[in-house]
Structures are given as structure tokens and as C-alpha cells.
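In: need the 3D shape of this:
(2 chains)
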Amino acid sequence: MESTPAPTPFLLLFRNSGPETHRHLTADQRQDLMLRWNRWFDELVASGKAVEGQPLELETRLVSGARGERVTDGPFAESKEAVGGYVKLLVRDLEEATEIARRHPGLEHGLIIEVRRFMEVCHLGVTGTYRSKASVVSAS
Amino acid sequence: MPMPRPPLPGSVRIDSAPKTTPPPPPGAQPTQLVEHFFRHETGRLHGALVRLLGVHNLSLAQDVAQEAMLRALRSWSMGGIPPNPSAWITKVAMNLARDALRHNRMSESKEGAIITHLEQTSSRGPRIADSEMEIRDDALRLMFVCCHPSIAPDAQVVLALKVLCGFSTSEIARAFLSSDAAIEKQLTRTKQRIQDSGIGFDLPEGEDLTPRLDGVLAALYLLFNEGYKASAGDNLVREDLCAEAIRLMTLLVAHPVGDTPRSHALLALMLLTSARFPSRLDEQGELLRLDGQDRSKWNWTLIERGLGELVAAAHGDSVTEYHLQAGIAACHCMAADYASTDWPRILRHYDALQAMKPSPIVAMNRAVAVSNVHGPQAGLDALDEIPQSDRLEKHYLLHAVRGELLWQLKDYAGAAQSFRRALQLAQVGPEQTYISRLLDRTPNA
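Out: Predicted structure coming up:
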């Protein structure tokens, strides 16, 4: 490839990554999983493919209702739907993002990864804050 | 000269004070946790939680510790490992404990006082950075809880593995060739027993100390033995059992309560025995007898440590069975090969063991030593002289030993007969293979 097209941002959303998923693991299995998870992420950052990523706290709050009057707990972290964390990628295309997701060590234990491409502008005309230049924290 | 104390295996270095530093920047390699970090952390955490919640809340302590571990797993995979992982987990666990207690809505009772205590301590800043001494203290107290005389010996071992060594129920079931359900049931019964007996979180003292310490030593000896048995099953898990026994013994002797000659003797026995593990199996994974093992594979670090412990054990005027067994193990470890082993010395140790605590198994092993000093016929005579040898009749080793001695006397017919009897009685694969090999090399078998 002569000219590299500008990398595209993707979001990986992790589901089914709560404590219930890992409760049956032995202590050594947990340790092993954690180390491999971190390695998966660190390698992505070092190669500039991951911009950021973090786990999300278990406590969830839902706001709804016409005037935001409905504030409730949930979905609970135990449910498969709850989002447990995210990673923002800067890669060539959906295929590459998918390949990266497929390599995740958490999949072995039931992790579900949703892969989404960022849009510049949504159907309402709302612009995102995506910058065309890679905004990676430089790997030291 | 006593050996310097090695650092506790598997312990994470705890920094002086917990820092609220931000997580390491992306790109920083996660720190390599020491081997079995989580597993050992469970033991330490249980100690701290039981101290706070009380022995009767052991189940709650387990749940809280488990939850804290899982949150760590969740948070650290992605956020990276914090600078002080132990402190992180402890803080989370203490918060969870407080929440759990409050949820149980106990106000008047002792638990109310605990909540107040927790709140007071946490307002001063969490009591996280315990001194090494306090941490060992808690773990030791927990050890004495697990090995309380009102709990059956095999139940003690299972509880210790769960609560002190952070083994999962499945791992324990695999190690003892049992089922998850059976182990779970045993644990429930044991914890109920603990509640009913009102066992406290104290270190024994005064005239209580000796029998209680003996109980702990017996339990750890049992634990080590479980790992040592080269039975069918997961070999790796079994060697982990031995490693855990050594780790707990090391903890024990480092504390005034456990720093006795017989404790050092038991630790010496464990170290010297496990030093020889690497040579036990051949390339095909089959059992090798001592005379056929490659001694260059022995772990000399463990042997040095073991000999050091033996020196520490050589104080005072009591000689226990641990001393004698360790002495025998030391003789083997210090011999260049089977032939140049100090068999007369080993025989003297067996004589003393037999006098102290007569048992057919000890007598059988003694007969092997006799044969090495006085020849195979003397060994056979010693076998015949074993009192209560009917207890040994069903034990495959008796017939294997007899067969070997007959073989040395060139009584091949007699040897074959004994080996066949042994084969009938051998219960697990490795033993059967081992006897078959003996049969194979017997002419006209």
C-alpha cells in the first residue's frame, strides 16, 4: 500500500464481563486472565491502534422520562447486557477492528464484544468530537 | 549457624503507605504479579476480614474476599495493576464488609460495634498498610482456627486449603479425587462446627499452646502427605499442595508461637522431600524408585534450606518423629547415590522411630534399611518380624518389598509370586506400571 488512508475510529464495547462471569475461575486462572487482558490492551496501545480504554464501575443508573424524572438502578452488572468497559481503536477498517476483538483473551470466559464505527455526523446533524489526527498517548 | 530466613514465597512486597496515584499510563507494561498472587492474597484477606468480622462470620468473610478479588480482576484487566495491589484489594474488601454488615441491619449487637469501629478506622484513613507482623499474625490465627481440635483432621486440611491457601472447591475436589458437591458439603459442615464450638480468633498461649501447635503441625503434615502421594490425578495440583504446606510452615516458624524445634524439623522434612520431586518420574511419567533416580535433578536450593531448618531443629532436648523423618530425608539428600547412602544411620533413625511410635509402615521401611545394611536375608527376616503384619497384608508395598528382596537372593519364583500379589493390590496406574516393570525384569516370571 502506497498511501495509508487516515485511520478510522472504532469503539469496542465489552459485555458479560462482570464478576458473575468469572466467579467460577480459580485464583490462578483469574491472575492469568488479567495478565493476558492487560497484554492485549498494552500491545494495541504500543502499536498506536488503541487510543484509550477503561473498565466501567459496576453501579449503573438509568435516566429516562420526559423530564428525566425516572432515575433507576440497572441493568445490573450480572446481566449479559451490561457494558463493562470499552476500548477506542484507530484502525484501517471494520475487518481490522473485528480481528482485534477476536484476539481478546476474555472471550474464552464468555466475554461479548460489540464493534462499532464512529460517525462524523449523525442523522440529526450532531457532530462528534472526533479529530482526524490520531490523538494517541505516545507509548514510551 | 542458622540460615537467614528466606522471604515468604509468593508474598507481594507491600509498600510503606498506600498511595492514591493515578493508574499507570497506557503503554506501561503491567507489573508481573508474583506466582499465585490471587491465591495467596485470599488467605491474607481472609485473615484480615475474620479479624474484623469475627470467626462466626467466616462465610461472610469468604464472600467478601471473593467479591473483592473479582472486582480486582475486572478493574485491573484494562486499568492496569495498581502500584499496591494488596492495599487496593484490602480497601475494597473492607468497604464491602461494612456494606454487608450494614445490610444485615445489626445495631444493638456486637456487629454494631464493628460497624462503628470500621467507620472510625476508615475516617482516620483505611487501616490498610498493616505491618508484615500483623499480617502474619492474622494468617496464623486463621491457621489455628482451621486446625482446631474440634474439627476432624481431614476436614481441617480441606478448610485450610479453601480459606488459607485460596484453592477453589474444584481444585480441592480434584486434589482429593472427590466431587465439588462433597467438598462443598464438608466445608459447610465444618463452618457450622466452628460456629457451634464458638472458636475464637486467638493465638493459643500457656498450656494450650503445645497441643494446639501439635494440631497445626499434624494438619500441615497431612496436607503435605496428600500432595506427596503419587496417586492418579492431577500431578501439578498435588505438587501445589506440598508447596502450600511449605508456605504455611514457613509462616508458622517465623512467628514466636510456631518457632519450636519440632516445627523446624517438620519444615526440614517437607523441604528435603520436595527437593527430590523433579527426579521422581521418568520421561514417560512413570514412577522411578529411589535407586533409579537422577539425583542431578534435585533442587539444591530446597536441600540447603532444608538442612538449615534441620540445624534450627537441633535445639532443646526433645526428639520428635519429625526430627527422625527429617534426619532420614537428609541422609538421602546428602548421598551421591543410592549405594553410598549412610544406611546404618538411617537404620538407627528407623529404630528410634519404631520405638517412639510403632507402626507396620515404619517397620516395613525399616526392613528396607536393614536389607541395605545387613543384606536381603536380614531384610526378609525383619519383614517377618513385623508385629501386626496382617494390617500390611493388603498393602501392595509389603509384597513389592518382599519380592525385591527375594529377587536379590535370586529366588525368582518367589519374587514373581510376591510381585503378582502386589500387582493385584496396587490401586492406581503408576503403582501398577511400576510393579509390572519389576515383574518384567524377573526371569521366568
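In: and B:E35, what are its phi and psi?
Out: Main-chain dihedrals, B:E35, degrees, to the nearest 10: phi -60, psi 140.
In: please see if the longest helix seen in chain A touches chain B.
Out: Using DSSP state H to define each element, chain A has its longest helix at helix A:27-46. Yes: applying Cβ under 8 Å from any Cβ of the partner chain, one finds helix A:27-46 touching chain B at A:27-28, A:30-31, A:33-35, A:37-39, A:41-42, A:45-46. C-betas here are computed from N, CA, C, even on glycine.
In: who does that helix touch, helix- and strand-wise?
Out: With contacts taken as 3 or more Cβ pairs under 8 Å, 6 or more residues apart in numbering or on different chains; DSSP states H and E, helix A:27-46 sits against strand A:50-55, strand A:83-91, helix B:37-53, helix B:58-79.
In: list the contacts of the residue nearest to A:L111 when sequence neighbours are not counted.
Out: Nearest residue to A:L111, sequence neighbours excluded (Cβ to Cβ, 6 or more residues apart in numbering or on different chains): A:S17, at 5.4 Å. Contacts for A:S17 (Cβ atoms under 8 Å, 6 or more residues apart in numbering or on different chains) come out as A:55, A:84-85, A:106, A:111, B:74.
In: other residues contacting stretch B:162-181?
Out: Identification of contacts with stretch B:162-181 by Cβ under 8 Å, 6+ apart yields A:24-27, B:36, B:38-43, B:46, B:58, B:62, B:139, B:142-143, B:146, B:158, B:161, B:182-184, B:187, B:226-227, B:231-234, B:237-238, B:240-241, B:244, B:247-248.
In: do you have the strands of the chain handy? List them.
Out: Because you didn't say which chain, this covers chain A. Per DSSP state E, chain A carries strands over the ranges A:8-15, A:50-55, A:61-64, A:70-73, A:83-91, A:112-117.
In: in JSON lines: these, plus mean neighbour count.
Out: Formatted as JSON lines, these follow (neighbours: other Cβ atoms under 10 Å in any protein chain shown):
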{"stretch": "strand A:8-15", "mean neighbour count": "20"}
{"stretch": "strand A:50-55", "mean neighbour count": "19"}
{"stretch": "strand A:61-64", "mean neighbour count": "9"}
{"stretch": "strand A:70-73", "mean neighbour count": "10"}
{"stretch": "strand A:83-91", "mean neighbour count": "20"}
{"stretch": "strand A:112-117", "mean neighbour count": "15"}
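In: and these as a markdown table, adding mean pLDDT?
Out: Formatted as a markdown table, the strands of chain A follow (pLDDT from 0 to 100):
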| stretch | mean pLDDT |
| --- | --- |
| strand A:8-15 | 94 |
| strand A:50-55 | 92 |
| strand A:61-64 | 89 |
| strand A:70-73 | 88 |
| strand A:83-91 | 93 |
| strand A:112-117 | 96 |
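In: redo the ones you listed as a markdown table? Include distance to B:A329.
Out: Shown next, in a markdown table, are the strands of chain A (distance: least, Cβ to Cβ, whole Å):
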| stretch | distance to B:A329 |
| --- | --- |
| strand A:8-15 | 51 |
| strand A:50-55 | 49 |
| strand A:61-64 | 62 |
| strand A:70-73 | 60 |
| strand A:83-91 | 50 |
| strand A:112-117 | 53 |
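In: selecting buried members of the contacts of stretch B:162-181 in PyMOL, what would you type?
Out: Command for PyMOL that selects the buried part of the contacts of stretch B:162-181, burial taken from 16 or more other Cβ atoms under 10 Å in any protein chain shown:
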select buried, (chain A and resi 25+26+27) or (chain B and resi 36+38+39+40+41+42+43+46+58+62+139+142+143+146+158+161+183+187+226+227+238+240+241+244+247+248)
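In: backbone dihedrals for the residue nearest to A:L111, both of them.
Out: phi -120, psi 20.
In: what number of residues lie near the closest residue in space to B:W343 that isn't next to it in sequence?
Out: The shortest distance from B:W343 to any non-neighbouring residue, by Cβ to Cβ, 6+ apart, is to B:N372 (4.1 Å). Residues lying near B:N372 (other Cβ atoms under 10 Å in any protein chain shown) number 19.
In: how about the residues of the stretch 151-300 of chain B by chain A?
Out: Contact residues (Cβ under 8 Å from any Cβ) of the stretch 151-300 of chain B with chain A: B:166-168, B:170-171.
In: mark which of those are part of helices, please.
Out: Going by DSSP H, the helices hold B:170-171 from these.
In: quick one: low-confidence residue ranges for the chain.
Out: Reading this off chain A. A:1-4, A:75-78, A:128-140 (pLDDT under 70).
In: correction: the question concerned chain B.
Out: Applying pLDDT under 70 to chain B flags residues B:1-31, B:105-132, B:230-237, B:445.
In: mind listing what the residue nearest to B:D63 when sequence neighbours are not counted touches?
Out: Nearest non-adjacent residue to B:D63, counting by Cβ to Cβ, 6+ apart: B:A100, 7.6 Å away. B:A100 sits next to B:60, B:63-64 when contact means Cβ under 8 Å, 6+ apart.
In: element containing the closest residue to chain A within the stretch 301-445 of chain B, please.
Out: Using Cβ to the nearest Cβ, the point where the stretch 301-445 of chain B gets nearest to chain A is B:L302, with a distance of 21.6 Å. Assigned by DSSP states H and E, B:L302 belongs to helix B:300-313.
In: in the one helix or strand the residue nearest to B:W343 maps to, which residues are buried?
Out: Element membership for B:N372 (DSSP H and E) is helix B:360-374. By 16+ other Cβ under 10 Å, the buried positions in helix B:360-374 come out as B:360, B:362-372.
In: and the helix or strand containing B:L161, how far out from the chain middle?
Out: Assigned by DSSP H and E, B:L161 belongs to helix B:153-163. How far helix B:153-163 lies from its chain's middle: 11 Å, per Cα atoms, centre = their mean, to the nearest Å.
In: give me the angle between that helix and helix B:37-53.
Out: Inter-element angle recorded for helix B:153-163 and helix B:37-53: 100 degrees (by axes from the mean of the first three to the mean of the last three Cα atoms, to 10 degrees).
In: please identify the buried residues of helix B:153-163?
Out: In helix B:153-163, counting by 16+ other Cβ under 10 Å, buried: B:155-163.
In: for the residues you listed, which one is nearest B:G327?
Out: Distance to B:G327, by Cβ to Cβ, is smallest for B:V157 among the buried residues of helix B:153-163, at 25.3 Å.
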